[in-house]
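1. below is the sequence, then the predicted model.
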Amino acid sequence: MCLAARRRQIAMAGGALLRLLVAVVLLAQLAVLSQFLIAPSTSVPLGAIRIAIGIATTEIRLPLLLRTLDTIAAQRFAKTAPKIEVHVFSDDPAYPSERLPRWVKFHSVADKPWFSAAKLLGLLQLYGTTASEPLLLTADDDQLYEPTWVETLLSQQVLFPSRTAVGLRGWRIRREADGFEYGVARPKSDGVWGSFPAVATYVVLGSQLAWPWQVGVATGGCGVLLRPNFFDDSVFRPPPEAPSGILVVDDVWMNGMLARRNVTRWIVPTGGALHCDEGRHHLGHGAASAVDATLRERRWPGRAALNQQALRFFGDAWERGVLHDARIRPPWRRAHAALVGLSDLILWLHSCAAVRAVVPDFFL
């Protein structure tokens with residue numbers, strides 16, 4: 001066989017192999033996308049959908065809440081808008097509800113030990129745990145929501161299988177030999193936990209994603225869209241064996257109850273738009289200290305310890321697909337992938353004793 005003919009055969013074989021590889025990649029991508037397109041959650045026209053937004057608050061945070069409500073009132077929709085109700089829940093018996101806008105429905109829950117979980121449990125008490133409607137949407141009293149906040153969540157939610165909750169911020173759960181924990185492994189040195197480098201490696205925001213990512217805990221402050229019948233009545237009453245104060249860490253409680261009932265939680269992409277949690281969107285940076293004060297007053301564990309106890313309480317209810325694995329990265333948008341790479345580098349440098357000796361306050 002002449003050399004030219006052999007070269008043609010090699011070229012043809014190479015071309016066939018290349019086409020096969022392309023086909024495999026396309027099939028893999030279709031397999032990923034298919035889980036969002038099979039058994040869509042609703043075929044109801046957008047204008048016929050009802051959404052109930054729940055917010056828990058206290059009197060001292062009224063100025064923040066009023067600004068939050070302004071952003072909810074300013075929601076925009078490209079097509080027909082859904083019917084939206086806003087419910088505010090407070091355990092403060094002297095809450096000045098007359099200062100709220102008329103379109104807001106106020107509910108006193110002073111006789112309920114719900115704490116931060118009131119934003120979800122209040123809605124479930126109103127609509128029951130057997131109803132499929134309205135859609136429930138959690139919110140915080142100290143966030144400024146973008147005008148497309150509701151539309152973004154709703155347009156993504158209809159693409160998922162019916163038993164799916166969608167949100168815009170969340171994190172995966174880390175499994176250690178002695179139980180479950182949250183976040184990445186704590187660096188050996190102090191002063192890093194909770195800082196930009198550590199958080200950027202495990203907290204997932206919709207603005208950072210190229211496509212949806214499954215998490216263990218979708219955080220309610222940025223909004224989690226779900227249905228009442230994702231729960232049963234046990235959601236109102238933690239059992240005696242649950243950690244004391246578990247409803248204070250309501251994100252873990254909500255997601256653990258969803259995991260027990262086989263409801264998956266996904267963070268959905270926003271096309272790069274930042275909807276909450278950072279910069280100007282977050283007003284109440286004192287919220288964490290208020291939670292800590294409640295825990296101290298009742299002599300319950302601190303927030304970090306209570307989060308960990310709550311994760312371990314739900315134990316094997318957590319799905320394997322929501323466990324943190326440093327080798328598996330979320331589908332970051334390119335710009336954020338570079339930021340995470342920088343975070344990894346900074347954490348690696350800070351793990352070196354020589355670096356900490358020269359720059360002891362590197363992250364503070």
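-> Sure, I can see it.

2. burial count for R50?
-> 13 (other C-beta atoms under 10 Å). Glycine gets a C-beta too; all of them are placed from N, C-alpha and C.

3. which pLDDT value goes with it?
-> Note for R50: predicted pLDDT of 95.

4. go on, W211?
-> So W211 comes in at 93 (pLDDT).

5. which SS state does it fall under?
-> Under DSSP: H, G, I helix; E, B strand; the rest coil, the three-state class of W211 is coil.

6. now it: phi and psi?
-> phi -150, psi 170 (degrees, to the nearest 10).

7. over to the one 10 residues further on?
-> G221 adopts backbone torsions of phi -60, psi -30, taken as degrees, to the nearest 10.

8. might you report the residue contacts of it?
-> Taking C-beta atoms under 8 Å, 6 or more residues apart in numbering, we find G221 in contact with 138-140, 142-143, 169, 276-277.

9. for A56, see how far away it is.
-> In this view, G221 and A56 are 10 Å apart by C-beta to C-beta, to the nearest Å.

10. could you do L225 as well?
-> L225 is 17 Å from A56, by C-beta to C-beta.

11. between those two, who's got more neighbours?
-> For L225 versus A56, neighbours defined as other C-beta under 10 Å are more numerous around A56 (27 against 23).

12. the more buried one - that's part of a strand, no?
-> Yes. Under the criterion used here (three-state DSSP), A56 sits inside a strand.

13. how close does it get to I346?
-> Counting by C-beta to C-beta, the gap from A56 to I346 is 35 Å.

14. now stretch 154-171: buried residues?
-> With burial defined by 16 or more other C-beta atoms under 10 Å, the residues of stretch 154-171 counted as buried are 154-157, 159-160, 163-171.

15. repeat that for stretch 59-66.
-> Buried, per 16+ other C-beta under 10 Å, within stretch 59-66: 61-62, 64-65.

16. now do the contacts for the residue nearest to S90 when sequence neighbours are not counted.
-> Distances taken as C-beta to C-beta, 6 or more residues apart in numbering put T57 closest to S90, at 5.4 Å, once the chain neighbours are dropped. When contacts are counted by C-beta under 8 Å, 6+ apart, T57 touches 65, 88-90, 95, 141.

17. quick check, pLDDT for T57.
-> 94.

18. which stretches of this protein form helices?
-> All helices of the chain, identified by DSSP state H, fall at 3-37, 62-73, 118-127, 149-157, 196-199, 250-260, 287-297, 303-314, 334-350, 353-358.

19. out of those, which gets the lowest mean score?
-> Among the helices of the chain, helix 3-37 scores lowest, with a mean of 55.

20. grab the nearest non-local neighbour of the residue nearest the centre of the chain.
-> Nearest residue to the geometric centre of the chain (C-alpha atoms, centre = their mean): A218, 2.5 Å. If you skip the residues right next to it in sequence, A218 has G167 as its closest partner in space, 3.5 Å away by C-beta to C-beta, 6+ apart.

21. what's the spacing between that neighbour and D141?
-> G167 is 17 Å from D141, by C-beta to C-beta.

22. how about G245?
-> Going from G245 to D141 by C-beta to C-beta gives 20 Å.

23. would you mind telling me which of those two has the busier surroundings?
-> Taking neighbours as other C-beta under 10 Å, G245 and D141 compare with D141 leading, 24 against 21.

24. list the contacts of the more buried one.
-> 55-57, 61, 64-65, 68, 88, 284.

25. out of those residues, which is nearest to R261?
-> A56 (22.3 Å; C-beta to C-beta).

26. show me the contacts for the closest one.
-> The contact partners of A56, taken as C-beta under 8 Å, 6+ apart, are 88-90, 114-119, 122, 141.

27. inside strands: which ones of the residues you listed?
-> Here DSSP state E is the test, and the contacts of A56 give 88-90 as lying in strands.

28. so how far is V263 from I55?
-> I55 is 22 Å from V263, by C-beta to C-beta.

29. neighbour count winner among the two?
-> I55 (26 against 19).

30. from G315, how far out is that one?
-> In terms of C-beta to C-beta, I55 sits 31 Å off from G315.

31. ok, now S97?
-> Noted for S97: a distance of 40 Å to G315, by C-beta to C-beta.
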